[in-house]
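Engineer: Predicted model and sequence below, questions to follow.
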Amino acid sequence: MQNWTDIDTLISAATGQNFNTRHCRPLSGGCISSAWHLQGDSAEYFVKLNNRAAEDMFAAESSGLDTLAKCATIKVPQPICTGSIQNQAFLVTEYIPLSTRPDPRLLGEQLAALHACRKQLFGWTRDNYIGATPQTNTEAHNWISFWRTQRLGFQLQLAARNGYRAALEEPGNQLQSGCESFFADYSPIPSLLHGDLWSGNVAGTTDRIPVIFDPAVYFGDRETDIAMTELFGGFDPAFYDAYNANWPLDSGYQVRKHFYNLYHILNHLNLFGEAYLQQAKDTLHRLLAELG
């Protein structure tokens, strides 16, 4: 049984209200960290636990949640405290009961509003993680250069180190060299992004208010968030209708979405292995065919 005394003390210090765990239960859904619901006499919290090496990952997640919350568009769990105790890293956030899928139209409207939160530069004030993979966010003026080096190029280099050089290096280099043609009539602006927006990171409250969590925040092309909603399925057509009603997507998105999702496919290849290799190869060749 997990001993919560030290975390209770840190929650109390962070909130200014004494907290003692009376009941705890494990929660399902996490593939990287364990998740828990802590309940006290007058408050309850959500806690993630991992080994001490995850301390920076949790700190980045906390900063991401705080950045999303400050935009005040989509509900996110409020971060409470993060750190490590002995050999265990932890993240504590507000506990939000989640029992339904969110209202898809409201989610589309709110995501468009989130993407309207902008900055002058692409990237973010700190590096973070996409899943368990480091994600660099060095701020840049040029979006294509940012994506080519800090997203696509990073994953291709990692794939080469993981044994996939022969399968991916040549088409990957060709795509990086020619990808500017995807942006001939399109100039992205730095929008605030969730960064890892698949159906598993979106839920609804008991009254269907959208909640997003597990972010990989940075400022980038809003199309990257929309593209990922299509990668693994699970989003209602009404979501896309509402998003486009508030901020229509450019027609070139239908090609660029594969360019952006290649990043996540490569990340899955690097995290989970060869089961994603064929999908990565197929996406590369599809994009090279678009280049002509």
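Structural biologist: Looks like it came in fine.
Engineer: so how far is the first residue of stretch 73-90 from its last?
Structural biologist: Distance between the two ends of stretch 73-90: 27 Å, counting by C-alpha to C-alpha, to the nearest Å.
Engineer: before we move on, what about stretch 67-84?
Structural biologist: End-to-end distance for stretch 67-84, by C-alpha to C-alpha: 22 Å.
Engineer: Mind pulling up the pLDDT for Cys1?
Structural biologist: Wrong residue type there; residue 1 is Met, not Cys. Note on Met1: pLDDT of 43.
Engineer: Kindly report the same for Gly30.
Structural biologist: What the model reports as pLDDT for Gly30 is 65.
Engineer: do the same with Phe232
Structural biologist: In this prediction, Phe232 carries a pLDDT score of 87.
Engineer: mind listing what it touches?
Structural biologist: With C-beta atoms under 8 Å, 6 or more residues apart in numbering as the criterion, the residues that contact Phe232 are Trp198, Ser199, Gly200. The C-beta positions use only the backbone N, C-alpha and C, and glycine is treated the same way.
Engineer: rerun that using 7 Å as the cut-off
Structural biologist: Applying C-beta atoms under 7 Å, 6 or more residues apart in numbering, one finds that Phe232 lies in contact with Trp198, Ser199.
Engineer: Also the one 3 residues further on?
Structural biologist: By C-beta under 7 Å, 6+ apart, the contact list for Phe235 reads Ser199, Thr229.
Engineer: ok but it is inside a strand, no?
Structural biologist: No. Per DSSP: H, G, I helix; E, B strand; the rest coil, Phe235 lies outside any strand segment and is coil.
Engineer: Against Lys257, how distant is it?
Structural biologist: The gap separating Phe235 from Lys257 is 13 Å, by C-beta to C-beta, to the nearest Å.
Engineer: Next, give phi and psi for Val211.
Structural biologist: When quoted as degrees, to the nearest 10, the phi and psi of Val211 stand at phi -130, psi 130.
Engineer: Likewise for Gly220?
Structural biologist: Backbone torsions of Gly220, given as degrees, to the nearest 10, read phi -160, psi -170.
Engineer: Report how many residues lie close to it.
Structural biologist: Using other C-beta atoms under 10 Å, Gly220 has 27 other residues around it.
Engineer: Quick check: bridge partners of it?
Structural biologist: Beta-bridge partners for Gly220, by DSSP bridges, are Ser191.
Engineer: wait, it sits on Leu192?
Structural biologist: No. Between Gly220 and Leu192 there is no contact, the gap being 8.9 Å when judged by C-beta atoms under 7 Å.
Engineer: Spell out the residue ranges of the helices in the stretch 151-292 of the chain.
Structural biologist: Using DSSP state H, counting those that start in this stretch, the helices of the stretch 151-292 of the chain run over 154-159, 165-178, 223-231, 237-246, 253-272, 277-291.
Engineer: Can you add distance to Thr9 and give the ones you listed back as JSON lines?
Structural biologist: What follows is the helices of the stretch 151-292 of the chain, written out as JSON lines (distance: least, C-beta to C-beta, whole Å):
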{"stretch": "helix 154-159", "distance to Thr9": "39"}
{"stretch": "helix 165-178", "distance to Thr9": "48"}
{"stretch": "helix 223-231", "distance to Thr9": "37"}
{"stretch": "helix 237-246", "distance to Thr9": "42"}
{"stretch": "helix 253-272", "distance to Thr9": "34"}
{"stretch": "helix 277-291", "distance to Thr9": "46"}
